[in-house]
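> Here is a sequence together with a model predicted from it:
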Amino acid sequence: MRLGLIGLGRIGAFHARTLSGLADSLVVTDAVPAVAAEVGARVGAEVADSPEKLLAAGIDGVVIAAATAAHPELLRAAVDAGIPTFCEKPLAADLADAVAVARQVGDAPVQIGYPRRFDPAFAACRAAVVAGELGTLHTVRSTTLDPAPPPEAYIATSGGIFRDCAVHDFDAVRWVVGREVAEVYAVGANRGADFFATYDDVASASVLLTFDDGTIGVVSVSRYNARGYDVRLEVHGSDDAIAAGLDDGLPLRAAGNDRFPAGPPHGFFMDRLTAAFRAELGAFADLVAGRAPSPCTVTDALAVARIAEAATVSQREHRPVRTDEV
């Protein structure tokens, strides 16, 4: 199997290591030639001068890990070339572009990067729901707390906390519950750096989701959690409840219990989700080889984009927003 990788930033460089172990040969490219040369040498990959040359290099599949603004054009080019494609989230920077991309891509073999689907604990929660172990679901809670905010330059182009950060929670709860979100109510606050307000963003937010069957979703996100990187999920039903993320790396003090969590706390998203990132690329290799369908489709990503857009509108207009409004 010959694979390509476009974009060698923080996540792309990590993917390069994983892909070099999955592929018989790997071709990489980056907007910064020196970065491409360094990563290529480190993982034993060929280096292409441009995405166009990479797509023409006889690859069987391609991973897009470039900046969000480049996703639509690169995804279209890969699909037009008939190459199975993995694209990091999101489909596009805004909903209108995401809709356009989804229409153009159609049912081509595309996998979107939402790694929590491949975290063993999250997968166990989904399996418990599918098996009916929890009875009738009534509440699902998802949490993402970053240890510190990203640089101002990142916030300036991120699209906001709902499109950039909470989308992982939106995808996780939608996938685990197995239903569509019908209505969203979001609130946000900035108790941190001034630059969030500069870009009409917030540093912390909570979102109340109503699913189409009446299940309630609660999503909490923040750029500030000094104790570490916190990713958790709870699913509650009439017969049982289950949670993901309650391991010894949980960056939370348990009052009255000095033995749990044993620590050290997760300090970074790669620390918490390394196995999930590797597993999702393993699933992509199966897609390229024709052994399995896409585990996270463009349709899934578009549904998540609608939730994020509804949350953005809700927070700014201080009202509930139905996903069919956006």
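Received the coordinates, thanks.

> ok, V221 - how many residues close by?
As a burial measure, V221 scores 25 neighbours (other CB atoms under 10 Å). In this view, the C-beta of every residue, glycine as well, is placed from N, C-alpha and C.

> So it is in contact with A205, correct?
Yes - V221 is in contact with A205 according to CB atoms under 8 Å; the separation is 5.4 Å.

> Find residues that contact each of those two.
The contact sets of V221 and A205 overlap at 161, 166 (CB atoms under 8 Å, 6 or more residues apart in numbering).

> can you pull out the strands in the stretch 51-200 of the chain?
61-64, 85-88, 110-113, 137-145, 181-189 (DSSP state E, counting those that start in this stretch).

> Dump the ones you listed to TSV, plus mean pLDDT.
Shown next, in TSV, are the strands of the stretch 51-200 of the chain (pLDDT from 0 to 100):
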stretch	mean pLDDT
strand 61-64	98
strand 85-88	98
strand 110-113	98
strand 137-145	98
strand 181-189	98
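
> domains in this protein, as residue ranges please.
2-108, 117-272+303-325 (automatic domain parsing).

> Out of those, which is closest to G282?
G282 lies closest to domain 2-108 among those, at 6.7 Å (CB to CB).

> Export only the CA atoms of stretch 256-271, formatted as CSV.
What follows is stretch 256-271, C-alpha atoms only, in CSV (Å, rounded to 0.1, in the frame of the first residue of the first chain):
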residue,chain,number,x,y,z
GLY,A,256,-12.0,12.8,49.9
ASN,A,257,-10.2,10.1,47.9
ASP,A,258,-6.4,10.5,47.7
ARG,A,259,-6.0,7.2,45.8
PHE,A,260,-7.9,8.1,42.6
PRO,A,261,-6.8,9.3,40.2
ALA,A,262,-3.3,7.9,40.7
GLY,A,263,-1.9,10.2,38.0
PRO,A,264,0.1,11.7,36.5
PRO,A,265,-2.6,13.8,34.8
HIS,A,266,-2.9,13.8,31.0
GLY,A,267,-1.2,17.0,29.9
PHE,A,268,-1.9,17.1,26.1
PHE,A,269,-4.4,15.7,23.6
MET,A,270,-1.7,13.5,22.1
ASP,A,271,-1.1,12.0,25.5
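
> Please point out which parts of that stretch sit buried.
Across stretch 256-271, burial judged by 16 or more other CB atoms under 10 Å covers 261, 265-266, 269.

> pLDDT check: weakest of these?
The lowest pLDDT within those belongs to F269, with 89.

> check contacts around the closest residue to A31 other than its chain neighbours.
Nearest non-adjacent residue to A31, counting by CB to CB, 6 or more residues apart in numbering: A66, 7.4 Å away. Contacts for A66 (CB under 8 Å, 6+ apart) come out as 6-7, 12, 31, 51, 74.
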